[in-house]
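Novice: What follows is a predicted protein model with its sequence.
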Amino acid sequence: MPAFQYNLFSDPLEDAVIATFPQYEGSEIEYKSAKGGFPGSFWETYSAFANTEGGLIVLGVKEEEGKFTADGLPARQINKFRQDFFSTQNNRGKFSVDLLSDSNVRAIIVPGEVDQYVLVFDVPRANREQMPVHIGSDPFNGTYKRRDGGDNKCDRDAVRRMIADSNASVPADSKLLLGFDFQEDIDQKSLQQYRQLMSNRTPAHPWLAENDLRLLRKLGGYRRDRQTRQEGLTLAGLLMFGKTEAIQDNDCAPHYFPDYRETISPESDIRWLDRLCPDGTWEANLFQFYRQVWPRISAGLPRPFQLKSGQRQDETPAHVALREAFINSLIHADYSAPGSLISIRQPQGFLFTNPGTLLVSMRQYYEGGTSICRNKALQRMFSLIGGAEQAGSGAGKIMSGWASHHWMRPYLDMKSEPDKVVLELEMESILSAQAQELLHQAFGQRADTLFGDALTVLSIVAMERNATHRSLHYRVEMHATDLSNLLRTLCRDGFLVSSGRGSGTTYALQEEGTNLTDKQEYLPKEIIGVPENLAGSRENLAGLSENLAGSSENLSSSLENLAGWSNLSKLQKRLLLAATSGWHTPAELATATERSASYLRSQVIPSLVTDGLLVRKYDEATHPNQAYRTVRQTS
């Protein structure tokens, strides 16, 4: 039976590749003992992962006294489990969709006196058309989501919203609202102001020649159902131009509540300096909310621009990013879900919250290039008045705009019960003077030895007082496994102290003089696929080790004469051995040492250079073509 191999490093400085298990269960991984047969609870976890952000299900792992170990399953049992899985997954009466193929189901050998196996199911997040992924034929009774490391059954309203989102051909805001009247329920002042802004931006636009009702029809705010021949206002039309009472009607968007707040600080006794919410003094439709809030919220940027006839002037990339974030929260919201539209301006940045879920995965959001808008008519309406160049275009402009000021990477989070999306934009430099001061207070002169990803992570933790793996993952452009290794190393080296377990693990600065043995807890390891720079089989790894061992014998006499050689770790020695043949880039050294290039650059190479054991090809440490070789070849 073919066995897929995966690599885990028990310690970043140990020269070993071992098969073991992360000692936790959380949002991304679930263990199940399979001694008694294929576990029935497997399908609940499958549904939950597929409807959330994906994850790994590992069959054949038991928990005893808080420790996870292999269950001792033989190859024949693993083969039967594989067959049972595909038989059930392909039965539409038992499961709604077949997300997994052979490549997603991997048998892994666990070395020992007697070979035993585990079966790993790599469950991806389903796309919107496939959701809800459910057990059996009734989605209202078999749909689950992942929350707090467990599988939680969705209520009927949550399932109903998932079904509505799954129909990509029918935008949510195109819903025809019967019983509402154009003259009675539309705020005519808002529509006239919108027409004026549209005229200011594009004076010759042909839609401006239409009367108000036909203009609203062009915008998608009024339509006729071609099958039923019924016509009337749409959800988009009422949300954008409606009167508050009409919008909050039970037949429209009863949970609708746009809320802007300007706060001093979380510690202040004053709740807010300024607030705008539906209080009966203004028509709280989305257009008026945008008109009144955008000048206030953009004034929080270091160089606020001025509005001229309602149009933006003298923008910076940060203004583009902020506007994109603000309008995205309006056009991506699920107005059928409970919760408020909240926009907060704080001294340190901005916070946007909208009800609903993302229609793409978190990975797609951060990578950009995938744009799915829940409310396409609202998107068009804001675009025509210059509210955004491409409203709903994703995270690209937000990320690049914030990066242009060297501010902390925007952080997106998804909450549940109720579902909501939270985007945080902080105007705090990752390497600010305050962060550097905090690091020097904690570590003294050791802070001057930090750079690269390690410095970035510690700066974020210093400014936020504590952080989690997840919160760091989307602010530091590192692979999740590289980040895990870095956090574990920073704990070991006395820079961080961790508390909690699994996905709830938090990290704080470790101040000098604290007893690490009393406080330190290492980050649980993660199951990962074979790195791309490795051949992927035990034989290839063994061959690489033998080659390195041979090199060690040939070079030992000269390298052992290097000062401090005996005090080096196995990984450091291995790297030096690899660098004896000439100049090597971090990527090449990563292949030879079976570590990531970013980890070597931030955690291993600097100390070897400082100790005079490794030399740079270029004086500038960050040179794009930087390479290294052992000091003995510099003569």
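Specialist: Great, that's in hand. Numbering: from 1, shown residues only.

Novice: For the helix or strand in which Ser329 is found, buried residues please.
Specialist: According to DSSP states H and E, Ser329 maps onto helix 317-331. For helix 317-331, burial by neighbour count (16 or more other C-beta atoms under 10 Å) applies to 318-331. No exception for glycine: its C-beta is placed from N, CA and C like everyone else's.

Novice: Likewise for stretch 244-260?
Specialist: For stretch 244-260, the neighbour count (16+ other C-beta under 10 Å) marks Thr244, Ala246, Ile247, Gln248, Asp249, Cys252, Ala253, Tyr256, Phe257, Pro258, Asp259, Tyr260 as buried.

Novice: what's the answer for stretch 484-502, then?
Specialist: Going by 16+ other C-beta under 10 Å, stretch 484-502 has these buried residues: 484-491, 494-498, 502.

Novice: Number of residues surrounding the closest residue to Phe95 other than its chain neighbours?
Specialist: In this structure, Phe95 finds its nearest non-sequential neighbour in Gln89, 5.4 Å apart by C-beta to C-beta, 6 or more residues apart in numbering. Gln89: 20 surrounding residues under other C-beta atoms under 10 Å.

Novice: Give me the mean pLDDT for stretch 181-198.
Specialist: Here stretch 181-198 scores 95 as its mean pLDDT.

Novice: List the residues that contact Pro39.
Specialist: Lys32, Ser33, Leu59 (C-beta atoms under 8 Å, 6 or more residues apart in numbering).

Novice: sorry, back to before: helices and strands around the helix holding Ser329, which ones?
Specialist: Where contact means 3 or more C-beta pairs under 8 Å, 6 or more residues apart in numbering; DSSP states H and E, helix 317-331 is packed against helix 286-298, strand 341-346, strand 349-355, helix 376-384, helix 396-403, strand 420-426.

Novice: circling back: want to throw the buried residues of stretch 484-502 into a markdown table with secondary structure and distance to Arg345?
Specialist: Listed next are these as a markdown table, based on DSSP: H, G, I helix; E, B strand; the rest coil; distance: C-beta to C-beta, whole Å:
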| residue | secondary structure | distance to Arg345 |
| --- | --- | --- |
| Ser484 | helix | 35 |
| Asn485 | helix | 38 |
| Leu486 | helix | 33 |
| Leu487 | helix | 32 |
| Arg488 | helix | 37 |
| Thr489 | helix | 38 |
| Leu490 | helix | 33 |
| Cys491 | helix | 36 |
| Gly494 | coil | 38 |
| Phe495 | coil | 33 |
| Leu496 | strand | 32 |
| Val497 | strand | 34 |
| Ser498 | strand | 33 |
| Gly502 | helix | 35 |
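
Novice: which element is Asn152 on?
Specialist: Using DSSP H and E, Asn152 maps to strand 150-153.

Novice: The most centrally placed residue in the chain and Gly54, how far apart?
Specialist: By C-alpha atoms, centre = their mean, the chain has its centre lying nearest to Met362, at 4.3 Å. Distance, Met362 to Gly54, using C-beta to C-beta, to the nearest Å: 10 Å.

Novice: now Gly37
Specialist: Distance of Gly37 to Gly54, computed by C-beta to C-beta: 25 Å.
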